[in-house]
Structure formats: structure tokens, C-alpha cells
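Peer 1: Quick one, fold the following:
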Amino acid sequence: MNRTRSARREKDVARPERMTPTVTAREVMLAALPALLTVLLLTLVTRPAYTKLLENDNGWSPYAYQALVQDILGYQVARLDPAQSAADLPDIRDRARSSAQNPGQFTALRKVESYGDARLETVNRLLRQDTSESVAAAGKEALLLNSQANNFGQETGGEYFKAFSDMRRALIVTAIITGLLSMLLTGRALWLWRTERERRSRREARQREALNLASHELRRPLQSLMLASDLLRHAETPEQRQHLLTLIEDSATQLASRADLTRLNDLYLDVTLKVMRTDLRPLVRRAAEAGGRVTAHVPDMPLVWPVDTNRTRQVIENLVENALKYTDGPVDLTLREQGGQPEIVVRDFGPGIPSELRERVFLPYERGPRGLTEGHGLGLSLVRRYARAHGGDVTLHTPESGPGTLVRVRFGTPLLAEQRA
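Peer 2: Down below sits the predicted model:
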């Protein structure tokens, strides 16, 4: 049923306002994504430099190798110096041997020894021999070992430089990526905010339109109700009172059918029809019952068609009211059958509507040539909406003879309508 679909559509419109747990979790994850990505990328880009430090025993120091060379060369010089006291020579020798016999102080010793043939053990062995030739050989071996340490240090320094250069570039790339991601997420948030604002604006505009249409359609039965109530005070016969009470009852019924605030969308926007097979002649005659300038023409035989009685009555009232606004002459209202379908024709003898304006006047708040009374430009918009809900349409034409405007409303098969017996 159309009312069910309309209610479902209203629920769908309101659904984005409630944050489901899944949506909440998704938004939290998106908000945390830049931070998580930054931590991940920083971990990845700093790992090579960290690994390089671990591979090189948490840092490289050449001081032990240099101190070994100094101690051995000092012992060698002391042995060759005639002025050196013999009592001090054992202390100098022990200091040189102590430096060579403590391999723990030589960082990355195995890697340094892999850079050449010099070995710390060879230095120890030569120092233990304690001859002039062995001490000199130990000095040469220590110099070679120190040279290997320098080579290792230069290569390690280059690796450190490369690792930190790579890390610097990676940090820049990380900053760019996280910055772009943050910009995208900020743009997404702004887009969602704008979309939500536009959605609310559209919803508020629809609500305003429904209220304006309701106000427009309540005016006629309210005026009839007030007029009949005033006339009832001066009624002289029971027949007059009964007639006026009937008018009051009819106006109250129309007010009730047009003022249900819980169904404004169904009444004026997403039109929901309550269809029943109805003879259209009484609806047309009612528009001319008040007398005046409106003349109704209906067929002799009943013209029965499935319509929403209240909405069809509003169509006729709006067309007649619109015709009366633009002329002080007569208005002809005709019900006839065309091609097996009913058609209502309203003819006025006013100034007419230029062809270039005929489609515009069906838009809300658009009006034709200035009439005898002011209006809001909502009547024809509502007529077209109701006509199309009945599977038909409304069109404007120029009469074949004479001035004025000819309005034709054709009825088809109502679409998605609630059926009533």
C-alpha cells in the first residue's frame, strides 16, 4: 500500500540521524586511521637503522684499537730508550699486555678481524715472547688491526648514513601520506556535513511546502464554515438552517480531511489516494451550487470513475478559484468523457496565459498574469500533483474562439492507491 511505502520512505529519510554501532565503529576507525598509519609507517622506516645499530653491537668505538697501538708503541720505545729506568719497564710491558689480553673492550672484534689478516691473538702471542723483534712485530700487527678497525668504521659510518638518510626520506613520505590522508578525511567530514545540512534543508523545505499547501487548502473550507456560521444566526426557516448546517458539516469534513498533521506528506507531497468508484457529477455540480459566475455542465448519465473524492474536489475547487481570480466574467465548468476516460474542463474569459508561461505556472509559488485578487501560486501545482496521482495530468490551452484560458484535467488509473469499497 502507498501509505506503507510512504511511511517506510519517511523512516529511511530519518535513519541517517541515528548512529548505529557499526557506523560508530567505522567512523572511530576512520578518525584513528591517520594516527595508526603514522605509527605503522614510523615503525617500518626506523627498523633498518635500529637493526643496523644492533648488528654493530649498539654502536662502534675505535678507541680500544688506538689505545692498543699506543701502549705497544710506548713499550717498544721504552725498550729502545737508554734513559728508560729498568725498574719502570715491567710496568710499561704489563700495561701493553693488559690492553691486548682484554678482548671484551674491542667492539666488533670479529668483524674488524674479517677486514684483514691482523689478529688480536697474534699481538698477544708476540708480546708474550717479549723480544725486540717480537715487540716490533706486535706493534706492526696492532697498526694493521687498527687500520682494519678504521676501514670497518668508515664502512659502518656509511651504512649508518645511508640508513638514516633512508629513514629521513621515509619520514618525509610518511608525513606526506598521513597529511594527504588527514586532508581526505577532513574533506570527507566536510562533505558529510554539507550533505547532512542539504538533506535537512530539503526535509525542512518539504515540511514548509506541505504546511503552505495545507494552509492554502484549509482556507476555502474555513471561509465556508465561517460564512455558513454567520448566516445561520440569521436563518429564518428550518429549511435554511438545515441547508446551512449541511454546509457547516461539509466544511468541517473538508477541514478534517485536509488538516491531518500526521499525514501532511501523504496529503500534499507523496500523495496517497483513498480511492473509491465515484460519480463525478455531484463533485462538479457542487462547485456551481453557490451560484454567481460559475456554470456547471455535466452529462445526463452517471460518469463513475475510481478517484479519491476529497482530492478530486480540491482539484475542482482550485481550478475554479484560479479562474475566478483572473476574470470578472463567467466561468464554465464541464465534465465529459474523452477516449473512455473522464475529463474536467474549466474555461474562463480572462486575458489568458502566454504559451511560454504555461508550464511555469504549475511550479510552486509561480503565478500567471496579475489577477483580481492576490494568491500564492500553489493551486495549479497541487492540481497537477493530484491529477498525476490519479494517473492523468492537467494542461492549459487557448480556446478555439474567444479570449481566456482552457484548463483540461484528465483522469487515468490511480497509481499505488489505497482501495476502498
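Peer 1: For the chain, give me the ranges with low pLDDT.
Peer 2: Within the chain, the stretches with pLDDT under 70 are 1-19, 48-50, 52-60, 210, 259-264, 290-291, 365-377, 415-421.
Peer 1: in it, which spans are helices?
Peer 2: Under the criterion DSSP state H, the chain contains helices at 2-14, 21-55, 63-80, 89-100, 109-113, 120-129, 132-232, 238-258, 264, 281-286, 309-325, 379-389.
Peer 1: I'd like to know which of those helices is closest to Leu406.
Peer 2: Of all these, it is helix 309-325 that lies closest to Leu406, at 10.0 Å by Cβ to Cβ. Placement of C-beta: from N, CA and C, glycine included.
Peer 1: wait, what's in contact with Val345?
Peer 2: 332-334, 336, 406-409 (Cβ atoms under 8 Å, 6 or more residues apart in numbering).
Peer 1: one more time with 10 Å, if that's ok
Peer 2: Shown in contact with Val345 (Cβ atoms under 10 Å, 6 or more residues apart in numbering): 297, 319, 332-336, 338, 397, 406-410.
Peer 1: Need these in JSON lines (columns: distance to Leu89).
Peer 2: Formatted as JSON lines, the contacts of Val345 follow (distance: Cβ to Cβ, whole Å):
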{"residue": "His297", "distance to Leu89": "144"}
{"residue": "Leu319", "distance to Leu89": "131"}
{"residue": "Asp332", "distance to Leu89": "142"}
{"residue": "Leu333", "distance to Leu89": "139"}
{"residue": "Thr334", "distance to Leu89": "140"}
{"residue": "Leu335", "distance to Leu89": "139"}
{"residue": "Arg336", "distance to Leu89": "140"}
{"residue": "Gln338", "distance to Leu89": "136"}
{"residue": "His397", "distance to Leu89": "132"}
{"residue": "Leu406", "distance to Leu89": "135"}
{"residue": "Val407", "distance to Leu89": "131"}
{"residue": "Arg408", "distance to Leu89": "132"}
{"residue": "Val409", "distance to Leu89": "130"}
{"residue": "Arg410", "distance to Leu89": "130"}
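Peer 1: Turn the residues you listed into TSV, including neighbour count.
Peer 2: Below are the contacts of Val345 laid out as TSV (neighbours: other Cβ atoms under 10 Å):
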residue	neighbour count
His297	14
Leu319	24
Asp332	19
Leu333	22
Thr334	17
Leu335	21
Arg336	13
Gln338	10
His397	14
Leu406	17
Val407	22
Arg408	20
Val409	23
Arg410	18
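Peer 1: quick revisit: redo the helices of the chain as JSON lines? Include distance to Pro364.
Peer 2: Below are the helices of the chain laid out as JSON lines (distance: least, Cβ to Cβ, whole Å):
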{"stretch": "helix 2-14", "distance to Pro364": "20"}
{"stretch": "helix 21-55", "distance to Pro364": "35"}
{"stretch": "helix 63-80", "distance to Pro364": "90"}
{"stretch": "helix 89-100", "distance to Pro364": "100"}
{"stretch": "helix 109-113", "distance to Pro364": "86"}
{"stretch": "helix 120-129", "distance to Pro364": "97"}
{"stretch": "helix 132-232", "distance to Pro364": "6"}
{"stretch": "helix 238-258", "distance to Pro364": "17"}
{"stretch": "helix 264", "distance to Pro364": "15"}
{"stretch": "helix 281-286", "distance to Pro364": "25"}
{"stretch": "helix 309-325", "distance to Pro364": "13"}
{"stretch": "helix 379-389", "distance to Pro364": "5"}
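Peer 1: Next, the residue sitting furthest away from the middle of the chain: phi, psi?
Peer 2: Residue farthest from the centre of the chain, counting by Cα atoms, centre = their mean, is Pro82 at 94.2 Å. With angles defined as degrees, to the nearest 10, Pro82 sits at phi -60, psi -20.
Peer 1: Going forward, count from 47.
Peer 2: All set: I'll call the first residue 47, so the last point we hit is now Pro128.
Peer 1: quick one: which of the contacts of Val391 is nearest Gly425?
Peer 2: For the contacts of Val391, the nearest to Gly425 is Leu365 (7.7 Å; Cβ to Cβ).
Peer 1: So which bits of stretch 169-180 are buried?
Peer 2: 169-170, 172-173 (16 or more other Cβ atoms under 10 Å).
Peer 1: Nothing else from me, thank you.
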